[in-house]
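Q: build me a model from this:
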Amino acid sequence: MLKITGKVRGYNVLPTSDIWQPVTNWVCNTHMYDLATAVAALVRNLQDGRAYYANGMYIEFDNSGAAVDPVPTVDLSAGYEYYTGLSGDSDFLRVPLTASGPGLVSDALKFPRGTNVANFSARTSGTTGARTVAPLTFSDAANSRVYGGALVAMRNSADVTQDLVLARFYFEPVNQIPKAAGQQIGLDWPITFDWTE
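A: Predicted coordinates for the structure are as follows:
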């Protein structure tokens, strides 16, 4: 049986030197129903001019000045609408991947013909959230704090309504990352495809 596992770690990123300093533990992600839609399109080589592979992230943030507690419950069927419908002190950044690693092998005996671990990285960029109504400012002055995110297939970079949300995660309150002056927040997200009996 195919087993897919993912984990996420948060970093403070120093833009001038591109040094990523880990500031959280690894947390597990939850795979969304949209992942099946993307995989089915990739496997059958659907050629409709849209991207079905992971090429961006949503980085969810809060401006209340306090940790988000409790964190939201993940609804597996929730797509981009969850994010564009955020309200109150919550918003999200829609960002492209900054890197998609060359891939790794977790078990050379099982996977001698290629890699089975895909690694994705992104960092915060921009100062305005992407929710539909009254987007929030993302900055240290606004007390912005990253508390979750999503790995996304942006099928049209200019149209959020075409996005497929592949996986989501939330940091526990103690691991949520405040935006620091002069720094960005980065996410590293390896996903392992394995075979179990």
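
Q: next one: the helix or strand where residue 60 lies to chain centre, how far?
A: Using DSSP states H and E, residue 60 maps to strand 56-62. Between the centre of strand 56-62 and the centre of its chain there are 6 Å (C-alpha atoms, centre = their mean, to the nearest Å).

Q: strands along this protein, start to end?
A: 2-14, 19-22, 27-28, 30-31, 56-62, 90-96, 99-100, 117-123, 145-153, 164-170, 177-178, 184-195 (DSSP state E).

Q: mean confidence score for the longest one?
A: In this case it means strand 2-14. Across strand 2-14, the average pLDDT comes to 94.

Q: residue 153: how many residues sit nearby?
A: Residues lying near residue 153 (other C-beta atoms under 10 Å) number 22. For every residue, glycine as well, the C-beta is placed using N, CA and C.

Q: thought residue 167 was touching it, still the case?
A: No. With contact defined as C-beta atoms under 8 Å, residue 153 does not count as touching residue 167 (10.6 Å).

Q: elements contacting the helix or strand of the chain with the lowest mean pLDDT?
A: Within the chain, confidence by mean pLDDT, DSSP states H and E is lowest for strand 99-100 among all helices and strands, at a mean of 77. On a contact count with 3 or more C-beta pairs under 8 Å, 6 or more residues apart in numbering; DSSP states H and E, strand 99-100 meets strand 117-123.

Q: so how far is residue 73 from the closest residue to residue 142 other than its chain neighbours?
A: Spatially, and ignoring its direct neighbours in sequence, residue 142 is nearest to residue 63 (4.9 Å; C-beta to C-beta, 6 or more residues apart in numbering). When C-beta to C-beta, to the nearest Å is the yardstick, residue 63 and residue 73 sit 21 Å from each other.

Q: those two: which has the busier surroundings?
A: Legend: neighbour count by other C-beta under 10 Å for residue 63 and residue 73, higher for residue 63 (19 against 8).

Q: OK, contacts around that one?
A: Shown in contact with residue 63 (C-beta atoms under 8 Å, 6 or more residues apart in numbering): 89, 90, 91, 136, 137, 142, 143, 144, 145.
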